[in-house]
Every structure is written in structure tokens, then in C-alpha cells.
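S.K.: Okay, predicted coordinates and the sequence, questions at the end:
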Amino acid sequence: MKPHAALLTNPGMGHLIPVLELDKRMVTLHGFHATVFVVANTGDHASTTLVNSPTPDNLGIVSLPPVDTDAAIPTKLVVIVRQSLPFLRTAISSMKHSPFDGQLVNGNVKAQKPLKIPCCKLLRLDDTLSLFLDQSDPSFKGFIRLGIVCSKADGILVNSWEDLEHSTFQALKDAAILGQVSKASVYPIRKLARRSGPQVLDQKLMDWLDKQPTDSVIYVSFGSGGTLSAQQITELAWGLVLSQQRFIWVVRPPADNDAHGSYFTLEQGSGTDPDFLPDEFLSRTRDVGLVVPMWAPQADILSHTSVGGFLSHCGWNSSLESLTNGVPMIAWPLCAEQRMNATMLMEEVGVAIGLKQSAREDGVVGREVIGESVRKRGGH
């Protein structure tokens, strides 16, 4: 009997893509039967398209009933996964077949001390999850519980590879050190990133990219749900003008107090020019830039020879796709684990320059700073 893998994921692209890529490789390379259980979510065009796309014969995708909650993200993600577990147990049944110290985390947060992880650099609190800074957040205890549960697993698969995080994986091979973190063996499984495919880019995008010089275009995107405030969108727009660089910018409507604003409302772009961009911006950049509403085929854009830089929120999927295609980055993390990713990409891997730390007291990054950074990481 072939082994059967079952994985649960919420519908966010940052979670769904690597799970699907992992299962595809289990099926095609190792003869597994695999089932992906996805928490259903309405109104998400990109995720729905991905779920409904053709899959290998031994890979099944099961949509679980949607969970209705008005909680804010990231609390919403924790609630969705927790409330989906009964549906998951029922679905799996029908198929018939740590030493993690929460008190230590609490103590470090209260004392505002960096988190110490064996054989790794000290993790600055400012670089970790924002919810760690607010223990009253309902997600805080949920993440602590998840850490304890994960540390008791029989094995942990990591969407990374040893050359990228060499010191970390070397430490995790040391039984004495590993025992301080988890009883499970940790397996880096290399890059579960999307590969570019033929005829994915629409003709307008392809025609425009084909006309640009090699390494001349800066690609600007904040992931499948990242959003900026109205003021920050204005500064970014004029920063791109000041940079005098060619660009592709995936734009979404502003959300002044919610960096995750588009996470559960991602839809295919309408093809019309967004009305929230500054007056005259589109007319002044029409010859050098391309604005794409809501969503773009990122892996295919990053693999194009004309793209020479990526202004990114540093989500892990985006980071892997950029690394895979050899595209240097401008790090602009917004939320979740993105600050940790950005710090690693800047300080350890050396493939990114920082931008968010240049924000003014009001939290907005000014157009002059953006323009200078884009010139450094842009193209010709």
C-alpha cells in the first residue's frame, strides 16, 4: 500500500502554494497518495483558481466548510484552523485510513529582551511576530500552544535548504541542541516555490516586458494580501517617479490600519486603472511603468530577463521565488513573520537592502527614500 499524506491549510496563497507544491512532489517523486484539505474561502479568485487547477492523479484537494468569524488577522487565521479541526477529523475518518518553553518567551517579552535560540543569532523582538509584543492578543497563547505541539511531532519539514540557512540546520543536526528545541528530526526539503510556466503571463504583460532592457524593471508587490495606507500609496507612487526606473506595480486599494487588508478578499484585477492612485501618476509613468490591479503572475514576472529587482514584503513564498530567479530585493516587511525573513535576507544572505526601517515617526516611508532605494536595486 502506498503511503498517504494528509495536510490542512487555510486558503491564503502564502500557505496554499507550498502545501500544494509539497504534495505534488510527494506524489510525483515518491509515489504517495496525498490529500490537501483547504478551508473554503469565498471571493478569493487566485486561491480558487489554484485549488481548481489540474493536479496529478494521486493528489486530491478537499474543501472544508468555511468558518465564519469577524476576528482580525492574524487572530482570524488561528480561529479558522482551530474551528476547522472537527471538519478535518470527520473528513479523514471518512477516508479510513516540547520542550518549547512558553514561559521563557513570556519572560523575554516582558523584559523586552531578544529571544535566544540555541546556536542561532539573538532574535530581536522588533524582528519577530508583532503579536509577541502584545500578550493580550488572543493569538499569543495560540501560537505558544502551536509551538509546543510542533515540538512534539515525529518529524518537521521545512520549506528551505541548508545552503540558505546553513548554521541553523547544522545546529538542528546536533542531538544535544535539537533536544532543547524539539524531539523531532528536522528535514529541509528545498524550495517549494512556483515555477514559471508557458503562456501564464497575459499578452499585455508579456509584450511590455519583452520590450524592456535586461535587468531594467523593478517589480513591486506586497504579497497576496498586503496593503498600504492611502498616504503610503501616494508616497510609493511618487517614489517610483523619483527613481526614474521602469516598474511593474501590483496595486490594491488602501487600508489605513490593516496591513493584511486584502488577505481574504484577493480577486483578479479588473483591468481598469485604480482610482486611488495620485492624480497625474499614471500619465507621468505610462511610458516607463505598468500598473496591475490586485494580482499578477509573480513567478513568471520574476523569471523574465527584464526584471532586475523586487520591492517585496518578504513573505516566504515571494522570498523563495526571488532567490530562485536570482532577483535582488528591497525589503519592506508589513506583518507576520516578514520582519524575520527580511532580517535574514539582509543580514545573513545579503540579497536585500532595507527600506521599512527608514520610516518617519508617523510610520510612513517617504518618497525620497523610496526613490533612492529603487535606484540602488532597480535596473538600468
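M.R.: Sure thing, it's come through.
S.K.: so what does the host helix or strand of residue 309 touch, helix or strand wise?
M.R.: Taking DSSP states H and E as the criterion, residue 309 maps to strand 307-312. When contacts are defined as 3 or more Cβ pairs under 8 Å, 6 or more residues apart in numbering; DSSP states H and E, strand 307-312 sits against strand 217-221, helix 316-324, strand 329-331, helix 367-377. Where C-beta positions appear, they are placed from N, C-alpha and C, glycine not excepted.
S.K.: would you turn those into a markdown table with mean pLDDT, mean neighbour count and distance to residue 58?
M.R.: What follows is these, written out as a markdown table (pLDDT from 0 to 100; neighbours: other Cβ atoms under 10 Å; distance: least, Cβ to Cβ, whole Å):
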| stretch | mean pLDDT | mean neighbour count | distance to residue 58 |
| --- | --- | --- | --- |
| strand 217-221 | 96 | 26 | 33 |
| helix 316-324 | 93 | 23 | 24 |
| strand 329-331 | 95 | 25 | 36 |
| helix 367-377 | 90 | 19 | 42 |
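S.K.: Redo these as TSV? Include distance to residue 137.
M.R.: As requested, the helices and strands packed on strand 307-312 are exported to TSV (distance: least, Cβ to Cβ, whole Å):
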stretch	distance to residue 137
strand 217-221	27
helix 316-324	22
strand 329-331	24
helix 367-377	30
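S.K.: which one of the ones you listed lies closest to residue 171?
M.R.: helix 316-324 (19.9 Å; Cβ to Cβ).
S.K.: out of the helices and strands packed on strand 307-312, which comes closest to residue 82?
M.R.: helix 316-324 (22.4 Å).
S.K.: so how far is that closest one from its chain's centroid?
M.R.: 9 Å (Cα atoms, centre = their mean, to the nearest Å).
S.K.: what does stretch 312-319 give?
M.R.: 5 Å.
S.K.: now the end-to-end length of it.
M.R.: Chord length of stretch 312-319, first to last residue, is 8 Å (Cα to Cα, to the nearest Å).
S.K.: Let me know how buried residue 154 is, in neighbour terms.
M.R.: When neighbours are defined as other Cβ atoms under 10 Å, residue 154 has 7 of them.
S.K.: ok, the closest residue to it other than its chain neighbours to residue 340 distance?
M.R.: Nearest non-adjacent residue to residue 154, counting by Cβ to Cβ, 6 or more residues apart in numbering: residue 184, 5.9 Å away. Distance of residue 184 to residue 340, given as Cβ to Cβ, to the nearest Å: 21 Å.
S.K.: quick one on the thing from earlier: the strand holding residue 309 - what's its average pLDDT?
M.R.: Here strand 307-312 scores 96 as its mean pLDDT.
S.K.: quick one: contacts for residue 296?
M.R.: 205, 221, 248, 250, 269 (Cβ atoms under 8 Å, 6 or more residues apart in numbering).
S.K.: From residue 83, how far out is it?
M.R.: 32 Å.
S.K.: Per the annotation, how does this protein divide into domains?
M.R.: 4-95, 109-139+154-188, 203-377 (automatic domain parsing).
S.K.: okay, those domains, which one's buried deepest?
M.R.: domain 203-377 (a mean of 19; mean count of other Cβ atoms under 10 Å).
S.K.: one step back: what angle separates the strand holding residue 309 from helix 316-324?
M.R.: 160 degrees (axes from the mean of the first three to the mean of the last three Cα atoms, to 10 degrees).
S.K.: Which strands border strand 307-312, and is each parallel or antiparallel?
M.R.: strand 217-221 (parallel), strand 329-331 (parallel) (DSSP bridges).
S.K.: Kindly reformat those strands as JSON lines containing distance to residue 76.
M.R.: As requested, these are exported to JSON lines (distance: least, Cβ to Cβ, whole Å):
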{"stretch": "strand 217-221", "distance to residue 76": "22"}
{"stretch": "strand 329-331", "distance to residue 76": "25"}
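S.K.: hmm, who's touching stretch 248-256?
M.R.: Residues contacting stretch 248-256 (Cβ under 8 Å, 6+ apart): 205, 208-209, 217-222, 226-233, 236, 240, 261-262, 274, 276-277, 289-296, 298, 301, 307.
S.K.: Cross those residues against strands and list the overlap.
M.R.: Among the contacts of stretch 248-256, DSSP state E puts 217-221, 289-293, 307 in strands.
S.K.: can you pull out the helices in the stretch 201-350 of the chain?
M.R.: 203-210, 230-243, 281-285, 298-302, 316-324, 338-343 (DSSP state H, counting those that start in this stretch).
S.K.: Adding distance to residue 351 as columns, could you present these in TSV?
M.R.: Converted to TSV, those look like this (distance: least, Cβ to Cβ, whole Å):
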stretch	distance to residue 351
helix 203-210	22
helix 230-243	20
helix 281-285	27
helix 298-302	13
helix 316-324	7
helix 338-343	11
